[in-house]
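K.L.:
I'd like to go over a predicted model; first the sequence, then the structure.
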Amino acid sequence: MSHRPHFVNGLKCRLCGKMHGQQALNFCPDDFGPLEVDYDYEAMKGHVTRDSLLAGPASMWRYAPLLPLSGPATVGKHVGYTPLVRAERLGKALGLKNLYVKNDAVNHPTLSFKDRVVAVALSKAVELGFKTVGCASTGNLAGSVAANASAAGLEAYILIPDNLEQGKVLGATVYGAKVVACTGNYDQVNRLCSQIAFQFGWGFVNVNLRPFYAEGSKTMGFEIAEQLGWRAPDAVVVPMAGGSLIGKIHKAFKELETLGLLEEPVQTRMFGAQATGCNPIANAVKTSANKIKPVRNPDTIAKSLAIGDPADGYFASQLIRNTGGWSEDVNDDEIVEGMRLLAETEGIWAETAGGVTVAVTRKMVEQGHLKPDDRVVMAITGNGLKTQEALIDRIARPQVIRPTLEDFKTLLESTANAASPAAGEILAGAGV
Ligand SMILES: Cc1ncc(COP(=O)(O)O)c(C=O)c1O
């Protein structure tokens, strides 16, 4: 597996620009600004080419030279390289002629884009000598850290709010990780994790390992550009929680452009999708606010996006504005409708965050931010099997018959008369 340790300059403060060495640290000791991995793109030129990338494995690691590892990846070796689906039927329903779905609902091993960030963070944790790792999570990260840590023989502490979906909780505990559910919301859990990471000297992927972790999200952007024939799309719609993924997808396009690997200059407008019950970043964009106003009590079925005080919210809102994009939020009914539409048109069952993305894309078309001819990519980041609670009382149950032809014929007649809702149809007004 290819790697180029000398391409990383170190960790750079996003506020003052001061450089720091590669270590488990997420903030600048001088001004508490967030740290980001800084690369030597000049040194990459000539070494990182389309051919060298295409010669890599059919996983996110074909982009290893643009990731912050000093050696070969040791965790999450099969993550990424998910399908980019041409979504003609969904596009027709939404009024978009060139719509694509980047389908991380089928990512390996835990069915969300979080496997990308975890693969980088835990590989780095191993490099830095950590034996115990952990995370604060709204659900998907929990499962990914638990699974990837168990496969790597690392001890894992996973802290989550105590109101998460069964699928997310089981999907973490099954791997033998120590899962701790805390009363309170994600922001409180996250604060506790900062204390734990520094008190015990453990590697928490989205706390002290965050600069490395966040870089993993770039691979979604690299793959999108490669799959579009080395072109950045006109627009990407991305679900936002902490606000990191949206920035990293755009950073990926810009890095490929810097290396001269794209057919055209990057002019991608970035669109951020949130739930109305937790919309701090969308709200800042819509009100042209320069500060993120935290949402104290998030209340939405899109629990994976329920981060009231997003770590990268400011940068996400600036990026959305600077690229000519926009942000919106959608309510629970719209989220369910979005999940159903994606499933019924493309055969892709996304989790609630996917419903948010589809429903916000629809709003962007209605508001004129997305034009019919735009080449649009929707980031579908998690799998519907993990958020069954969101649908269970809103989708018609199968009709029960005796196993006889007579009963089946009667059933056909009754559905032809439309007396009862067809399977898959949403029961009007059913609560969640
Ligand atoms: C399914 C899903 N989509 C999107 C996101 C948003 O990612 P970010 O926190 O980088 O904005 C998350 C975060 O937990 C998630 O679980």
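P.N.:
That came through fine. Numbering: from 1, shown residues only.

K.L.:
surely residue 33 is in contact with residue 13?
P.N.:
Yes: using C-beta atoms under 8 Å, residue 33 is in contact with residue 13, at 4.3 Å. All C-beta spots, glycine's among them, are computed from the backbone N, C-alpha and C.

K.L.:
who's more crowded, the two?
P.N.:
Neighbours were counted for residue 33 and for residue 13 using other C-beta atoms under 10 Å; residue 13 has more, 20 against 16.

K.L.:
any idea how far the more buried one lies from residue 26?
P.N.:
Note on residue 13: its distance to residue 26, by C-beta to C-beta, to the nearest Å, is 11 Å.

K.L.:
can you check which residues contact both of the two?
P.N.:
34, 35 (C-beta atoms under 8 Å, 6 or more residues apart in numbering).

K.L.:
show the contacting residues for residue 93.
P.N.:
341, 345 are the contacts of residue 93 under C-beta under 8 Å, 6+ apart.

K.L.:
Three-state assignment for it, please.
P.N.:
Under DSSP: H, G, I helix; E, B strand; the rest coil, residue 93 falls in the helix class.

K.L.:
mind listing what the closest residue to the ligand within the stretch 1-150 of the chain touches?
P.N.:
Closest approach between the stretch 1-150 of the chain and the ligand, counting by C-beta to the nearest ligand atom: residue 140, at 3.7 Å. By C-beta under 8 Å, 6+ apart, residue 140 lies in contact with 110, 112, 113, 114, 168, 304, 351, 381, 382, 386.

K.L.:
and the last one, how far is that from the ligand?
P.N.:
Taking C-beta to the nearest ligand atom, to the nearest Å as the criterion, residue 386 is separated from the ligand by 9 Å.

K.L.:
pLDDT wise, what is that residue at?
P.N.:
At residue 386, the model reports a pLDDT of 98.

K.L.:
contacts only, for it.
P.N.:
With C-beta under 8 Å, 6+ apart, residue 386 has these contacts: 111, 112, 139, 140, 143, 165, 167, 168, 171, 351.

K.L.:
what's the helix or strand containing residue 365 packed up against?
P.N.:
Secondary structure assigned from DSSP states H and E places residue 365 in helix 352-366. On a contact count with 3 or more C-beta pairs under 8 Å, 6 or more residues apart in numbering; DSSP states H and E, helix 352-366 meets helix 88-94, strand 235-239, strand 269-275, strand 327-330, helix 332-346, strand 375-380.

K.L.:
please redo it, this time with the cut-off set to 10 Å
P.N.:
helix 88-94, strand 98-103, strand 235-239, strand 269-275, strand 327-330, helix 332-346, strand 375-380, helix 389-392 (3 or more C-beta pairs under 10 Å, 6 or more residues apart in numbering; DSSP states H and E).

K.L.:
just put those in a markdown table and tack on mean pLDDT.
P.N.:
Below are the helices and strands packed on helix 352-366 laid out as a markdown table (pLDDT from 0 to 100):
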| stretch | mean pLDDT |
| --- | --- |
| helix 88-94 | 98 |
| strand 98-103 | 99 |
| strand 235-239 | 99 |
| strand 269-275 | 99 |
| strand 327-330 | 98 |
| helix 332-346 | 98 |
| strand 375-380 | 99 |
| helix 389-392 | 95 |
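
K.L.:
and those as CSV, adding distance to residue 199?
P.N.:
As requested, the helices and strands packed on helix 352-366 are exported to CSV (distance: least, C-beta to C-beta, whole Å):
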stretch, distance to residue 199
helix 88-94, 47
strand 98-103, 38
strand 235-239, 32
strand 269-275, 32
strand 327-330, 36
helix 332-346, 37
strand 375-380, 35
helix 389-392, 34
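
K.L.:
now tabulate these in CSV and tack on distance to the ligand.
P.N.:
As requested, the helices and strands packed on helix 352-366 are exported to CSV (distance: least, C-beta to the nearest ligand atom, whole Å):
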stretch, distance to the ligand
helix 88-94, 18
strand 98-103, 12
strand 235-239, 4
strand 269-275, 8
strand 327-330, 12
helix 332-346, 12
strand 375-380, 8
helix 389-392, 12
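
K.L.:
ok, back up a step: what is in contact with residue 33 and residue 13 at once?
P.N.:
residue 27 (C-beta atoms under 10 Å, 6 or more residues apart in numbering).

K.L.:
the helix or strand hosting residue 42 packs against which elements?
P.N.:
Following DSSP H and E, one finds residue 42 within helix 41-44. The contact analysis (3+ C-beta pairs under 10 Å, 6+ apart) places helix 41-44 against helix 244-258.

K.L.:
next, the angle from the helix it packs on to strand 235-239.
P.N.:
Interaxial angle of helix 244-258 relative to strand 235-239 (axes from the mean of the first three to the mean of the last three C-alpha atoms, to 10 degrees): 150 degrees.

K.L.:
all strands for this protein, in order.
P.N.:
Remark: strands assigned in the chain by DSSP state E are 8-13, 19-20, 35-39, 84-86, 98-103, 132-136, 155-161, 178-182, 203-204, 235-239, 269-275, 327-330, 375-380.

K.L.:
nearest to residue 409, out of these?
P.N.:
strand 84-86 (37.4 Å; C-beta to C-beta).

K.L.:
list the buried ones in that closest one?
P.N.:
84, 85 (16 or more other C-beta atoms under 10 Å).

K.L.:
strand partners (parallel or antiparallel) of it?
P.N.:
With DSSP bridges as the test, strand 84-86 is paired with strand 98-103 (antiparallel).

K.L.:
output the partner strand as PDB, nothing but the C-alphas.
P.N.:
Extracted in PDB, the C-alpha atoms of strand 98-103 (Å, rounded to 0.1, in the frame of the first residue of the first chain):
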ATOM      1  CA  ASN A  98     -27.800  14.900 -13.700                       C
ATOM      2  CA  LEU A  99     -28.200  13.600 -10.200                       C
ATOM      3  CA  TYR A 100     -25.800  11.100  -8.500                       C
ATOM      4  CA  VAL A 101     -25.900   9.400  -5.200                       C
ATOM      5  CA  LYS A 102     -22.600   8.700  -3.400                       C
ATOM      6  CA  ASN A 103     -23.700   5.600  -1.600                       C
END
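
K.L.:
give the contact list for residue 195.
P.N.:
The contact partners of residue 195, taken as C-beta under 10 Å, 6+ apart, are residue 207.

K.L.:
for it, give its distance to residue 146.
P.N.:
21 Å.

K.L.:
do the same with residue 277
P.N.:
27 Å.

K.L.:
so for those two, which residue has more residues nearby?
P.N.:
When neighbours are counted by other C-beta under 10 Å, residue 277 and residue 146 differ, and residue 146 comes out ahead with 28 against 21.

K.L.:
how far away is residue 322 from the ligand?
P.N.:
For residue 322, the distance to the ligand - C-beta to the nearest ligand atom - is 17 Å.
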